[in-house]
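No sequence on hand, only this structure:
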C-alpha cells in the first residue's frame, strides 16, 4: 500500500507542469552558470566581433582601455533573466535555492578542475599530442584554461551571490509598487542594478585584493564592463516577454496567476 502511494506521489510530481518547469529552469540556470565560469578565462574584443577596429580610450585617468571582455559575459545576462523568471513565478526563496545550488556546483567544478590539473599527465602521448596544431604542451594548456586563480574564483562566486540577492530584492520592491504592470521595469531595472554590483565586486576581490590594482583601475575597467552589461540588459528585455508568454501558454492563465500571487505572498482570488 505504501509503495503504491509513493509511486502515485512520484508520478504526480513528475507530471506536474509547474514542477517540470522549475526543474527545467533550474537545470538551465545551473548549467549556464557553470559554463560561464568555464569559458570566463578567454578574453575577446567586442569591437572585433562587431566588425570595428579597437580604438583605445581613456577613462578616469586609465589609458589604453578597449572593450576587451571575458567570454563569461556572453552568458551572464541570461542568468539574470532566468533569475527574474523564477522570481516572477516561484518567488525569492526559489531564487535563493537555485543560486545556492549553482554556487555549490561551481565550487565542486573548480575542485574537480584542481584534481584534474594535478593528476599526473600521460607524457608518452597526451602531453605532445597537439604539437602539429600549435599546442606544444597539453598539460600547460589544460592548466591555463581550467586553473583560474583562487581570488578570481572567490570574486566570481561572491559577486554572483550578492548580485542575486540584490536582483531579487529590487524585483520584488518594484513589483509591489507596479503590480502586474511594467514587467520591463522590474526585470530590466533589477538586472541593471544587480549587474552593476556584480561588475565591481568581482573586480574588487579578484584584482584589487588579489592583484593589487588601484581603485582607479578597478572603477575604470568596471565601468567598461558594465557598459556592455547595461546594453545587453536592455537588448534582451523582449526575451522576458517572450518567455512569460510561452510559460502562460504552457501552464495556462489560471495557473500562472496563482503562481505569481503565491510568489508575492498573496492568496489567489
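That came through, no problem. Given the structure is predicted, the values throughout are model-derived calculations rather than measurements.

Need the pLDDT of the nearest residue to residue 129 once chain neighbours are set aside.
Closest residue in space to residue 129, ignoring its immediate chain neighbours: residue 138 at 6.0 Å, by C-beta to C-beta, 6 or more residues apart in numbering. In this view, the C-beta of every residue, glycine as well, is placed from N, C-alpha and C. We note a pLDDT of 93 for residue 138 in this prediction.

cool, the one 4 residues further on as well?
At residue 142, the model reports a pLDDT of 91.

What's the local residue count around it?
Look at residue 142: counted by other C-beta atoms under 10 Å, it has 17 neighbours.

Would you double-check that it falls in a helix?
Yes - Residue 142 forms part of a helix when assessed by DSSP: H, G, I helix; E, B strand; the rest coil.

still on that earlier bit, please look at the residue nearest to residue 129 and residue 122 and confirm they touch.
No - assessed by C-beta atoms under 8 Å, residue 138 is found out of contact with residue 122, at 9.2 Å.

These two: which is more packed in?
It is residue 138, of residue 138 and residue 122, that has more neighbours when counted by other C-beta under 10 Å, with 18 against 11.

tell me the contacts of that one?
121, 126, 127, 128, 129, 130 (C-beta atoms under 8 Å, 6 or more residues apart in numbering).

thought residue 55 was touching residue 45?
No - counting by C-beta under 8 Å, residue 55 does not reach residue 45; the two are 11.0 Å apart.

Can you pull the residues that touch both of the two?
residue 66.

More neighbours: these two, which one.
Set residue 55 next to residue 45 and count neighbours by other C-beta under 10 Å: residue 45 wins out with 14 against 9.

any idea how far residue 71 is from that one?
Residue 45 sits 11 Å away from residue 71, going by C-beta to C-beta, to the nearest Å.

now swap in residue 110 and tell me
17 Å.

Look at those two and report which has more neighbours.
More crowded of residue 110 and residue 71, by other C-beta under 10 Å: residue 110, with 21 against 15.

where along the stretch 1-150 of the chain do the strands fall?
In the stretch 1-150 of the chain, the strands defined using DSSP state E, counting those that start in this stretch lie at 43-45, 57-59, 62-65, 68-70.
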